[in-house]
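**Q** Okay, structure incoming, though there's no sequence with it:
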């Protein structure tokens, strides 16, 4: 079987596990983490929340720092955390933290050298869910969430494939990448200079294109140093309003961009998803 | 003031902060972390739990991975996490993970070159609490807890200074260091070859010396790969029984030595301390 279990740890009565597998879409070996709540060991098919992490992260950051397993164990929800880019010696990279390995931006690259491996959108929205649903005791009910670059990823997955996710949420998402430095740098590299091609990977643009979206919740910290320059939640708010879509946007005074913020409100986001995942 | 604030993040309505300071006892610059619950910002003097981490850790592991702030915020308890050894270029070190920097074993070294800086017992039990009680809105009610090497540290602090701590707990402590490889290696280096000198740093020995001990809780995972060779909870149990001391020892099937185990039961340990800290 194309799944190599490399770690297992009991956590809140369920199991945190890491696996390696050969990704056909990415053309490299990938690691992901899954949290299986106690209900899964009892044979129940549990729904899955996909979590997409931010710049520089791997599958580990959320699982180690968010404190999500306590609530997932109570709710009977699996959580899957992929890596944030293709990885390995043969995979294109850049010395900067915000391009290349650790910074895949959850899109399908069209430009060399990135297009050979950087197909993270297809990986997280198609290949990985199919793998998870084949090999683990999970249902086909999926929700998606993420942080920062991963918040952008969660939004575009849910807006491009609204039929595949029952709900979507984000902490501090890069909500309007075509208009901010992180997004412009990555999109120019991965997608080329034709900015028309960028729009299909921009949550604010997609909100004006799609008819119906899954229930959507966003949490931002008002002491987040990236808020005005890189995240642009007000653009998301305007785009949702213009598109006639509901957005639950929660502004939290005093909180920054860190996992201390995520840990403080992950319970609220998981309960939001649980209401739609029927768990 | 001899305190340099180097990070602040809101967490569950309170604040996680890191500080640098010059330690007179250790003769080097040290970093510690403190979680101040919301009650502290309102001017209440809150009690303090000191958390001692295990081999290779810094002040960060517990604060990032245990999920303790949620409960501390509810209870109105501050948490202080020191580093696990003296640090810096001028501080003796060893290439091994279990000796030198990151592995101070919370004792006062007597042997060169270690004795110049490795006085972690005096640091965590005297210098640091005095600093915390001078500069933060905390009461003088102290509890102490730790993991692995830090579980050993918490036990010896509470057994050597039972009047200073209202309660003590440990996850997976090195409970009988004089009889296990980790302890024997460190004690030989820090304390020399006279094994009589080692006994005053061994929790099992101290349990036979002390008249009264603070309420004591220990949690161990039965799938912990270090259990039989390095931790020896049964020796602790026997020593407590022989000394006439109460020990609440909880054995958890399936759990290992990791922070996934700590996260799963930190709420129980914090509520145990809260009952004695009157918070």
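**A** Here it is on my side, so go on. The model shown is predicted, which means the values in this text are computed figures rather than measured ones. Residues are numbered from 1 along each chain as shown, chains lettered A, B, ... in the order given.
**Q** C-alpha only now, for contacts and for neighbours.
**A** OK.
**Q** need the contact list for the residue with the largest distance to the centre of chain A.
**A** Within chain A, the residue lying farthest from the chain centre (C-alpha atoms, centre = their mean) is residue A:42, at 27.6 Å. Shown in contact with residue A:42 (C-alpha atoms under 8 Å, 6 or more residues apart in numbering or on different chains): no residues.
**Q** and chain A, which residues reach chain B?
**A** Applying C-alpha under 8 Å from any C-alpha of the partner chain, one finds that chain A approaches chain B through A:9-12, A:64-67, A:70, A:254-256, A:258-261, A:263-264.
**Q** before we move on, the earlier item: and the residue farthest from the centre of chain A, its phi and psi?
**A** Backbone geometry at residue A:42, expressed as degrees, to the nearest 10, gives phi -90, psi 0.
**Q** And it, how far from chain B?
**A** Between residue A:42 and chain B the computed distance is 15 Å (C-alpha to the nearest C-alpha, to the nearest Å).
**Q** and the gap between that residue and residue A:279?
**A** Between residue A:42 and residue A:279 the computed distance is 15 Å (C-alpha to C-alpha, to the nearest Å).
**Q** roughly how far out does stretch A:242-256 sit from the chain middle?
**A** When distances are taken as C-alpha atoms, centre = their mean, to the nearest Å, stretch A:242-256 is centred 17 Å away from the chain's centroid.
**Q** And the average pLDDT for stretch A:98-118 is what?
**A** Taken as a whole, stretch A:98-118 has an average pLDDT of 98.
**Q** Give me the buried stretch members for it, please.
**A** Along stretch A:98-118, these residues count as buried under the neighbour rule (16 or more other C-alpha atoms under 10 Å in any protein chain shown): A:98-111, A:114-118.
**Q** With stretch A:206-220 instead?
**A** Across stretch A:206-220, burial judged by 16+ other C-alpha under 10 Å covers A:206-207, A:213-220.
**Q** Repeat that for stretch A:220-228.
**A** By neighbour count, with 16+ other C-alpha under 10 Å as the criterion, the buried positions of stretch A:220-228 are A:220-224, A:226-227.
**Q** so what pLDDT did residue A:252 get?
**A** According to the model's per-residue confidence, residue A:252 sits at a pLDDT of 98.
**Q** Check the burial of it by counting its neighbours.
**A** Burial of residue A:252 is recorded as 15 neighbouring residues (other C-alpha atoms under 10 Å in any protein chain shown).
**Q** Would you mind listing the residues in contact with it?
**A** Residue A:252 sits next to A:219-222 when contact means C-alpha under 8 Å, 6+ apart.
**Q** In the stretch 1-150 of chain A, mark out all the helices, start to finish.
**A** When secondary structure is read from DSSP state H, counting those that start in this stretch, the stretch 1-150 of chain A shows helices at A:38-41, A:60-65, A:69-75, A:120-122, A:128-135, A:149-160.
**Q** hey, which of these is tucked in deepest?
**A** For the helices of the stretch 1-150 of chain A, average neighbour numbers computed from mean count of other C-alpha atoms under 10 Å in any protein chain shown are highest in helix A:149-160, which has a mean of 28.
**Q** Understood, closing this out.
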